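Trainee: here are the coordinates; sequence isn't available:
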Ligand code: B12
């Protein structure tokens, strides 16, 4: 567990776009044996703050790009340790992607990593994925769960269209939406089954959903 002071320092380094400092702090915490998932959590909070500073016009697009680069490097540092630490029972097939019009993928990639560590077969379609592409892959792969990622408010319509098309084409499994700006209201609008703003909670949800379909686990 990272103590609150160490967490605050890391959050501030990410929020202030201090790349070298943030990476040094991550290396330090890794060397001290800190939980990599807590490190990711702190960096995610730093990213949220970057977003707020962007809204206040304290940062511009370059700030978002910089934050994305810092986060990617943090992920490179912690990934091996997450893979060692997180493992679980064999699970099912998950179709994952960021919906049309949205290219944010850092959160989706974390979820992919966590699910893969739990032995889910994750089919990640990448970013800016159209409803038709989701539907085509769902028909071919017959996934047990579909996960849609989206961070832009403007992407909620694409999520909604994707859910509608998947249902029209006969996909009956659970559909989860994930991304930092979601809410129960958005979930209802999109007509998805579940929503989350947390990759670990999302992974646990997938495990619970799979446990409810025991015949699907092989
Ligand atoms: C970094 C960043 C970028 C980077 C993204 C780099 C990348 N490769 O992803 C770049 C520079 C590309 C970018 C671009 C833009 N961005 Co931007 N960006 C951000 C920022 C600062 C951080 C996002 C992030 O990576 N967070 C860290 C990750 C780990 O968190 P996460 O995505 O929420 O994921 C977690 C959970 O949500 C969950 N999860 C995510 N997906 C899924 C899926 C499933 C199935 C499950 C189970 C769970 C799950 O698990 C993850 C781990 O816990 C956010 C601020 C914010 N509050 O999110 C703005 C933000 C999302 N961006 C914003 C904007 C406006 C833009 C631009 C329009 C800016 C512009 N003028 O061009 C463009 C849009 C480009 C596009 N078409 O998509 C706004 C959106 C506002 C809105 N209401 O729509 C935000 C909220 C900033 C703000 N506060 O104004 N951005």
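Mentor: Cool, got the structure. Note that the structure is a prediction, hence the values are computed from the model and not measured.
Trainee: only C-alpha atoms from now on, for both contacts and neighbour counts.
Mentor: Noted.
Trainee: ok, is the longest helix along the chain in contact with the ligand or not?
Mentor: Identified as the longest helix of the chain according to DSSP state H is helix 61-85. Yes. Applying Cα under 6 Å from any ligand atom, one finds helix 61-85 touching the ligand at 61, 64, 65, 67, 68.
Trainee: between those residues, which has the most around it?
Mentor: residue 67 (24 neighbours; other Cα atoms under 10 Å).
Trainee: how about the contacts made by that one?
Mentor: With contact set as Cα atoms under 8 Å, 6 or more residues apart in numbering, residue 67 has these partners: 14, 15, 17, 47, 50.
Trainee: the residue nearest to the first one when sequence neighbours are not counted: neighbouring residues, count only.
Mentor: Using Cα to Cα, 6 or more residues apart in numbering and skipping the chain neighbours, the partner closest in space to residue 14 is residue 46 (5.0 Å). Around residue 46 there are 25 other residues, counting by other Cα under 10 Å.
Trainee: what does this structure put close to the ligand?
Mentor: 44, 47-48, 50-52, 54-55, 61, 64-65, 67-68, 101-108, 110-111, 147-149, 151-154, 176-180, 196-199, 202.
Trainee: from the residues you listed, which land in strands?
Mentor: The strands, defined by DSSP state E, take in 147, 148, 149, 176, 177, 178, 196 from the residues of the chain next to the ligand.
Trainee: who does the first one bridge with?
Mentor: This points to residue 147. residue 96, residue 176 (DSSP bridges).
Trainee: ranges for the helices of the protein?
Mentor: Counting by DSSP H, the helices of the chain are 4-15, 19-31, 36-55, 61-85, 106-117, 131-141, 156-168, 184-190, 199-211.
Trainee: okay, now the domains of this structure?
Mentor: 4-85, 93-216 (automatic domain parsing).
Trainee: pick the most buried one from those domains.
Mentor: Here the criterion is mean neighbour count by mean count of other Cα atoms under 10 Å, and of these the winner is domain 93-216, at a mean of 19.
Trainee: can you tell me what sits against stretch 79-96?
Mentor: Residues from elsewhere that reach stretch 79-96 (Cα under 8 Å, 6+ apart): 36-37, 108, 112-114, 117-126, 137-138, 141-149, 207, 210, 216-218.
Trainee: averaged pLDDT, that stretch. What do you get?
Mentor: For stretch 79-96, mean pLDDT is 80.
Trainee: pull up the distance across that stretch, start to finish.
Mentor: With Cα to Cα, to the nearest Å applied, stretch 79-96 spans 19 Å between its terminal residues.
Trainee: excluding its backbone neighbours, what's nearest residue 207?
Mentor: Residue 207's closest residue in space is residue 91 (Cα to Cα, 6+ apart), at 7.5 Å.
Trainee: distance of that neighbour from the ligand?
Mentor: According to Cα to the nearest ligand atom, to the nearest Å, residue 91 stands 15 Å off from the ligand.
Trainee: thank you kindly, that will do.
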